[in-house]
Structures are given as C-alpha cells and as structure tokens.
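>>> sequence first, predicted model second:
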Amino acid sequence: MPSHRFEQYGTHLPVINPCEDPFTAKDFSHYEYIAWGYIQNKDNLTPSKYVSALSGGFRDPLIRDWYMSDMSRLSSLDLTSFLSEMRAAFLPKDWDKKLQTKILSSFQSSGQPVTAWITRLRWNNTLLRNTPYHLRDDELLSCFKTHVNPALARSARYDKETARECNLIQWISLIKAIEDSLPQPETAAVEDAKKVETPRSSIQTPTRKRSSSSAGNTAEPPAKRPVSKGRPMLVTMSSPLILSPAPTSAPRPKYPPALTDAQRNWLKRQRGCFKC
C-alpha cells in the first residue's frame, strides 16, 4: 500500500491522494478502516451523510470523477455499500473469488513456520470482509487442518486435544506447540547422517610390518637398477675395440659379427681370447 496515497491526521477527514499505481484490495481495506474511524469521531453526523462527508477528501481525479458521475445515487448509499461499489469500480473483475481460491488452495511449505503461513492467509481473508467470499473461522480451520505439511499433520492426528479442537485461535496455539516439539529439518538431517556414518573406531586399519630394528630406523632405499640402453657392439675406429651402443630400433643379431684380420692380429699380440 503506497504511504502517499492516503492521508489522515488524528480525527481529520481522510484523504485519497492522486497516485499512478493501480488500486489494490489492501488500499480499500485501509481506507475503510480510516473512514470508519473518522465517522465514529464525528459528532452529529447521520448515516445518510457519511458518504457526502467523506467525498471532501477525494483528491484523486479518478475517484472524484467516478463519484461525481453518479453522485446522487452513491451519496444515498450506506458506507458499506458505497465501499463495495468503489471496489467493484477500481479492482479487477472477480478479484474476491480469485483471492478466496488462493486461500483455500494454499499449502504450508516445508520449512515454513505454521503460524507465519496461517497469519498470511488470515490477512488475505480480512480483505474479503463484506464480500460473499469472506471465509468464516470454521471454514479457515477446516482448510488449515488439511493443508499443514504432512509431518505436522501426522503429529496433530495423534494428539487428541488438537484433533478435537474446534476454536480457530485455540487450535493455532496447539498446532504451534506441536510444531515446536518436532525436530527442526536441519537437526533431523544431522541426526540421520550420524546414524549412517561408520564410527572411525570400528574401522580396522592394517598395520605396517616393521623390521626388528627400532621404530626410528632409517634404512637407505635400495639402489635403482640401471636401465639397459641396448646391447653393445664392436665397431672399427681409431682403436680396434671400441664399444658403441646399438640403436634400440635396430634388430639384434643372433651372433656377434666375425673379427676382421686386423682385430685378430691385435688380439694375438695382446694374448687375447678367441672363445669369448
């Protein structure tokens, strides 16, 4: 409700100021309250003069034009009928029926406090006052009992006092007490996690085998084995016997190559072995 749309100081005449925002049901509910407050504090004002007395505060051009277009008829209405005509003129068609349907089809969502949900619906129902769609307390109670969340509904069915309660205000107090006694969703989730978690003390950790030496023994790791880079082969260069690694991609011969005459003569002089 825009705060600048309505204006009233003390027991002075309530004013409806110009505003570009469309009217809402909350607007007219607020105006009805301040209009009745003004009339109750106005001496020597008969019911037939209520509407004409309030018309002096119609500063909104739309409200003023609507009133002046049918002034004689509207001025003769009682205040409740006049406000009903005002709602019908400035609110969407079937707004009251749609609002009642919204209330009756509302369900308490998970994690939403039951009193917050109920209070919001009861506030909406006050906007339907003096309309055919305003819900009685017993109708609201029937809706609340069947539309609370499933966990709360199960607990309420097992509570005999809550199940038998027919007074709306008393039932709200009882259902709130039941909700407060239930574990919160976060707490329940933590408890469920603890149940399925395996205790650390029950896990068998394999022990490492240690040598007979003390726990502080720091033995050197075994030396790494050299990586073979291919079988060496004999080549003839400046020295008759020089080993050079064969390329890894070349195929390995089954037998070593035959010695040349120069190599044989050199081995003879060095008294070398011809069997190896």
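That came through, no problem.
>>> ranges for the helices of the stretch 1-150 of the chain?
All helices of the stretch 1-150 of the chain, identified by DSSP state H, counting those that start in this stretch, fall at 25-40, 50-54, 61-69, 71-75, 79-90, 95-104, 114-126, 137-147, 150-158.
>>> any chance of the ones you listed in JSON lines, with mean pLDDT, distance to Ala177 and mean neighbour count too?
Using the backbone N, CA and C atoms, a C-beta is placed for each residue, glycine as well. JSON lines is the format used below for these (pLDDT from 0 to 100; distance: least, C-beta to C-beta, whole Å; neighbours: other C-beta atoms under 10 Å):
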{"stretch": "helix 25-40", "mean pLDDT": "95", "distance to Ala177": "31", "mean neighbour count": "17"}
{"stretch": "helix 50-54", "mean pLDDT": "96", "distance to Ala177": "45", "mean neighbour count": "19"}
{"stretch": "helix 61-69", "mean pLDDT": "97", "distance to Ala177": "47", "mean neighbour count": "14"}
{"stretch": "helix 71-75", "mean pLDDT": "96", "distance to Ala177": "49", "mean neighbour count": "13"}
{"stretch": "helix 79-90", "mean pLDDT": "96", "distance to Ala177": "38", "mean neighbour count": "17"}
{"stretch": "helix 95-104", "mean pLDDT": "98", "distance to Ala177": "24", "mean neighbour count": "16"}
{"stretch": "helix 114-126", "mean pLDDT": "98", "distance to Ala177": "10", "mean neighbour count": "15"}
{"stretch": "helix 137-147", "mean pLDDT": "97", "distance to Ala177": "15", "mean neighbour count": "16"}
{"stretch": "helix 150-158", "mean pLDDT": "92", "distance to Ala177": "10", "mean neighbour count": "14"}
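>>> for His4, find the nearest of the ones you listed.
helix 25-40 (11.9 Å; C-beta to C-beta).
>>> can you show me the CA trace of that closest one as CSV?
Output in CSV follows, covering the C-alpha atoms of helix 25-40 (Å, rounded to 0.1, in the frame of the first residue of the first chain):
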residue,chain,number,x,y,z
ALA,A,25,-7.7,-4.7,-2.2
LYS,A,26,-5.3,-3.6,0.6
ASP,A,27,-5.8,0.0,-0.4
PHE,A,28,-9.6,-0.1,0.1
SER,A,29,-9.3,-2.2,3.3
HIS,A,30,-7.1,0.6,4.7
TYR,A,31,-9.4,3.3,3.5
GLU,A,32,-12.4,1.6,5.0
TYR,A,33,-10.7,1.5,8.4
ILE,A,34,-9.7,5.2,8.5
ALA,A,35,-13.1,6.2,7.1
TRP,A,36,-15.0,4.4,9.9
GLY,A,37,-12.5,6.0,12.4
TYR,A,38,-13.4,9.4,11.1
ILE,A,39,-17.1,8.8,11.2
GLN,A,40,-17.1,7.4,14.7
